[in-house]
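Peer 1: Next come a sequence and a model predicted from it.
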There are 2 protein chains.
Amino acid sequence: MYPPEKLTRFIEELLKKQQVPELDACTAARVLIAAELRDIPSHGLLRLPDYLRLLKEGRIKPIPKIRVLHQTPSTALVDGDNGLGMVVSVKAMELAMEKAEKAGSGWVAVQNSNHYGIAGYYAMMALEKDMIGFCMTNANPLVAPTFSSDRLLGTNPIAVAVPADREPPVVADFATSSIARGKLDVLHKKGLPIKEGFVQDKEGNPSTDPSVLTQGGAILPLGGSREHGSHKGYCMASVVDILSAVLSGANFGPFVPPSVAYLPLKPNLPGKGTGHFFGALRIDAFQPASNFKVEMDRWIKTFREASPAKGQPEVMVPGDPERIAEEKNKKNGIGLLEKVKIELEQICKEENIPFPL
Amino acid sequence: MYPPEKLTRFIEELLKKQQVPELDACTAARVLIAAELRDIPSHGLLRLPDYLRLLKEGRIKPIPKIRVLHQTPSTALVDGDNGLGMVVSVKAMELAMEKAEKAGSGWVAVQNSNHYGIAGYYAMMALEKDMIGFCMTNANPLVAPTFSSDRLLGTNPIAVAVPADREPPVVADFATSSIARGKLDVLHKKGLPIKEGFVQDKEGNPSTDPSVLTQGGAILPLGGSREHGSHKGYCMASVVDILSAVLSGANFGPFVPPSVAYLPLKPNLPGKGTGHFFGALRIDAFQPASNFKVEMDRWIKTFREASPAKGQPEVMVPGDPERIAEEKNKKNGIGLLEKVKIELEQICKEENIPFPL
């Protein structure tokens, strides 16, 4: 188990070795550590080696010139100048909140960015300002639309964070696909099949093979089959793709550039980098924030105190599992996957820095 | 088959008999007929008898004083004064679009409203103004959160409409539950079971009984089981409930008033009526609308021309099924369910007006 502060400094050092300025390295490290603390290791240090390699190969700029291309009182289009997704996104979300401060709400579409870690981090930035935060991004195409055998959409997550008074905030942060790629990898390594309703083979037949993605198969949208509502998951993933990429001028659907270094960048892409969409609604642009937060406490209690289904210990509220994990991991430290540790040790040897710091 | 114009006039007449002013009756009729044309009869004339009875009993006001309670350049809180949901909602969406015209975006939370028909109608109002329209509402509690046996959420739909250039618009309009109540009723009447993943019994056990709602059971959120991602459907339904009802001061979750006349209004409700949330993003607040719409054509073609899965004739884009139905029904007329026809004939006899007009 590693103390979060030590891992944070470690990430910062590695990013600085790739010419990322101190403050930006600190921002990126904070987002990655938030993923680890919240038990979403698929978006934590697991991603760092790829970020470092993409920086080294000039596929991500260490010192981007992030610019506002167009704006109105409540909206902006931002060019991330191919910077680290976390650095671009924190700036974009700050801009959304500035606009919400003045105009009641702020909505920022971002082009020319990269993989940004956990969506929830940016949505949660709104909480301390008594705003509701929104965040979405498109991602590498792994998901097939309903009735298709082609991979045209990413796991395209949506995050919404809502402040409360005495209760912890409601934080919904979820992929619009039926399953994450990481979970398929785990089953494959264990030699276990996956139940129906998560993946299909390259012809679009239902499959239980967790390695099907390596054979041209695809992840299904949330819902799984058409009968079970996969068209709704497809709708959501489409909305995320359109707001993140068509509205921003980034690459949509099948054209999203890879976020891993071993896949080459395709030539002649129609848009600019990966796209995100951020939003902030100032609560007292509708009603006094203090009233709202007391009502949110009532909402949260109503749901948390509901009768559990037979065999379930309790009913949770969106954000509860991640918050509980965060409290635990802050105390006990962060455990790294063996595979991640080995990869980081190798990088540290190359960069001549100790691991862990 | 009935011509849409005749049914429209018929609805208007019946609403006017309940003191609804001509223009408002026309608005409400247009929304109900849009549902019929788009093959969503569960939100069409099927609802009219309840609207009429609720008007007659004073549970819906025929002449509401719809007011803005608070506003900023890009937001507003609207009191629907217990008017017909369709009348309140068209006004609220118009306000969202006015704000988007000036501030780039407009977001309107509505309290003290009623059942409003199809969400897609209001989102689609944005299309002709080159805006992206958003609409959501909470609804009668029929859905249990993940791990709970209590019904705390409605089918809480989300609609998003995005304009294109030569292609028809993308219109996502979907419930965040795994199934609509209407589909359960149909199976029950046919004596057929429902597959697993849609409903649970009153203790929260998986069920295949389509009549389980009448015995204290519940509909599952989109995803069905926790394993298949029902926590994501629960997240979405929660976000819809919070934006529609907590942000507006309407009744959230289990407190949403019934939209049918045979269920009494519970006393001491914590909020005001049913809540909705509307939004409009002006596209040229981000980039020239003409560019965006050409890119949307490309998005739409990319998805529509994708390879169909084995056994499927084609890949559709959100909104395609409803648009195809609309074209067909405009030509061939609207077919009413026998049950709806009988009920309307009865009402016409009481009101002494001919059916159909």
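Peer 2: That came through, no problem.
Peer 1: what about residue A:159, is that helix, strand or coil?
Peer 2: For residue A:159, the secondary structure call by DSSP: H, G, I helix; E, B strand; the rest coil comes out as strand.
Peer 1: Cross-check the contact I'm expecting between it and residue A:171.
Peer 2: Yes: using C-beta atoms under 8 Å, residue A:159 makes contact with residue A:171 at a distance of 7.2 Å. Where C-beta positions appear, they are placed from N, C-alpha and C, glycine not excepted.
Peer 1: which residues do the two both contact?
Peer 2: Shared contacts of residue A:159 and residue A:171, defined by C-beta atoms under 8 Å, 6 or more residues apart in numbering or on different chains, comprise A:120, A:123, A:124.
Peer 1: which residue ranges form the helices in the stretch 201-350 of chain A?
Peer 2: With DSSP state H, counting those that start in this stretch applied, the stretch 201-350 of chain A shows helices at A:230-241, A:289-304, A:320-332, A:338-351, listed in chain order.
Peer 1: tell me the most buried of the ones you listed?
Peer 2: For those, the stretch with the most neighbours on average is helix A:230-241, a mean of 28; neighbours defined as mean count of other C-beta atoms under 10 Å in any protein chain shown.
Peer 1: Residues touching stretch A:190-210, excluding its own?
Peer 2: Contacts of stretch A:190-210 from elsewhere in the structure, counted by C-beta under 8 Å, 6+ apart, are A:144, A:147-149, A:178-179, A:184-185, A:187-188, A:212-213, A:215-220, A:224-225, A:228, B:227-228, B:307-312.
Peer 1: for stretch A:219-226, that is, sorry about that
Peer 2: Stretch A:219-226 is contacted by residues A:142-147, A:151, A:153, A:155, A:175-179, A:181, A:184, A:196-200, A:206, A:213, A:229-234, A:236-237, B:178, B:222-224, B:228-229, B:232-233 when judged by C-beta under 8 Å, 6+ apart.
Peer 1: For PyMOL, write the selection for the buried entries among those.
Peer 2: Provided next is the PyMOL selection string for whichever of the contacts of stretch A:219-226 are buried by 16 or more other C-beta atoms under 10 Å in any protein chain shown:
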select buried, (chain A and resi 142+143+144+145+146+147+151+153+155+175+176+177+178+179+181+184+197+198+199+200+213+229+230+231+232+233+234+236+237) or (chain B and resi 178+222+223+224+228+229+232+233)
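Peer 1: how far does stretch A:311-325 sit from the chain's center?
Peer 2: Mean C-alpha position of stretch A:311-325 versus that of the full chain (C-alpha atoms, centre = their mean, to the nearest Å) differs by 20 Å.
Peer 1: now the end-to-end length of it.
Peer 2: In stretch A:311-325, first residue to last residue: 22 Å (C-alpha to C-alpha, to the nearest Å).
Peer 1: Please list the outside residues in contact with it.
Peer 2: Residues outside stretch A:311-325 that contact it (C-beta under 8 Å, 6+ apart) are A:37-40, A:120, A:161, A:168-173, A:300, A:303-308, B:145-148, B:150, B:204, B:231, B:234-235, B:238-239.
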